[in-house]
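K.L.:
no sequence on hand, only this structure:
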């Protein structure tokens, strides 16, 4: 534990000693990316990286909560140490920052490793204080520890020694769980990326070819044919020198010609690849990402948004909630219904007309509170708790109103 604490303090905690000069902040990544060519990593592609960031932004909208299920009743716990941790993961990141970075690491490396710092109370209970996404230099080693316990040994840039944790202390958020029993990823995903790399390399080469062809095509405006006697070298040299002088003087790219010269203009018609070939290569790329070109441009119907959420965001949200619950809660807490869930606002996936339709349909029955309706339309809550009331409409048989409980709902 001492080794881990010292490492954690050195890595994340601010320095207590004040420096007289300003130094660059040290992060866990010891290199600066500078990509001048496509390379051999699929995420160096603008299409693949844009698709990943699209998923990141959607995932960052989720709201993690600590809940407790008791029968049909669901209670949202707002004051537990876990709830506070989910609202404020650490001193450097918001919840949105934390979720988007965790999602990025999971997509890139098929695993996201999260460490939650804690202290032990006098009652021998863990109280969690901070939560960090680990950025290891390589995939950790899984080690058989004493008493049958599994250990994870990490290496980090700037540290010569391995940092060893108990496996059950690390939130291992897996992606594409294949032929590895303890962490995500495997041989199949790696081989599938090779096929994607072929498509990306072809797309990259076509773009470079078009760029080079455009440069060459713009270099020459025309060709000058000099009709002079073969033996009159002095006259040929004079015409050539005058043509070069006019080019250097920026006189339209055409030299001054006499009766002994002809000028033929070049018509630019650049066709390096037909549109069908480019479209086929792009389509092969986006198949791997699950995000279409139209979606990258923000052209998504409500049905496409909902399908995108259910296919990509919802499975990730369920798996992260379960991975967190496995570390945060004891077996006793789990059997009593404690878990972490990542809620989403369904109205985020709907068009404004659909939201208005829902409000018109439900407002007379008092299904939602005034603040919940205002939240659907993007407005702030009403002051003094007025928005906690439910509109009753034709259902107001007794003339009264109901004030819902803040943390409990029936399912």
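P.N.:
Everything's here; your move. From a predicted model like this one, the values you see are computed outputs, not experimental measurements.
K.L.:
now the element after the helix or strand that residue 353 is a member of, going C-ward?
P.N.:
In the assignment (DSSP states H and E), residue 353 maps to helix 352-362. Counting by DSSP H and E, the next helix or strand C-terminal to helix 352-362 is helix 370-376.
K.L.:
any idea of the mean pLDDT for that following helix?
P.N.:
If you average the pLDDT over helix 370-376, you get 82.
K.L.:
please apply the same query to stretch 51-70.
P.N.:
90.
K.L.:
buried ones in that stretch?
P.N.:
Neighbour counts using 16 or more other CB atoms under 10 Å place 51-56, 58-60, 62, 64-68 of stretch 51-70 among the buried residues. For glycine as for every other residue, the C-beta is placed from the backbone atoms N, C-alpha and C.
K.L.:
among the residues you listed, name the ones in strands.
P.N.:
Of the positions in the buried residues of stretch 51-70, 64, 65, 66, 67, 68 sit in strands, assigned by DSSP state E.
K.L.:
so which of those residues is the closest to residue 369?
P.N.:
Using CB to CB, residue 65 is the member of those that sits closest to residue 369, with 18.1 Å.
K.L.:
report the contact partners of the closest one.
P.N.:
76, 77, 83, 86, 340, 341, 342, 343 (CB atoms under 8 Å, 6 or more residues apart in numbering).
K.L.:
distance of it relative to residue 172?
P.N.:
Distance, residue 65 to residue 172, using CB to CB, to the nearest Å: 21 Å.
K.L.:
same check, this time on residue 183
P.N.:
6 Å.
K.L.:
find residues that contact each of these two.
P.N.:
residue 111.
K.L.:
how about stretch 380-392: buried residues?
P.N.:
For stretch 380-392, a neighbour-count test (16+ other CB under 10 Å) marks 387, 388, 389, 390, 391, 392 as buried.
K.L.:
need those in CSV (columns: pLDDT).
P.N.:
Shown next, in CSV, are the buried residues of stretch 380-392 (pLDDT from 0 to 100):
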residue, pLDDT
387, 81
388, 83
389, 83
390, 83
391, 81
392, 70
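K.L.:
which of those residues lies closest to residue 93?
P.N.:
residue 387 (30.1 Å).
K.L.:
assumed the closest one was part of a strand.
P.N.:
No: going by DSSP: H, G, I helix; E, B strand; the rest coil, the assignment for residue 387 is helix, not a strand.
K.L.:
what separates residue 295 from residue 62, distance-wise?
P.N.:
Distance from residue 295 to residue 62, by CB to CB: 19 Å.
K.L.:
next: residue 102.
P.N.:
Distance check for residue 102 against residue 62: by CB to CB, it reads 11 Å.
K.L.:
with residue 306 instead?
P.N.:
15 Å.
K.L.:
quick one: residue 132 and residue 242, what's the gap?
P.N.:
In this view, residue 132 and residue 242 are 71 Å apart by CB to CB.
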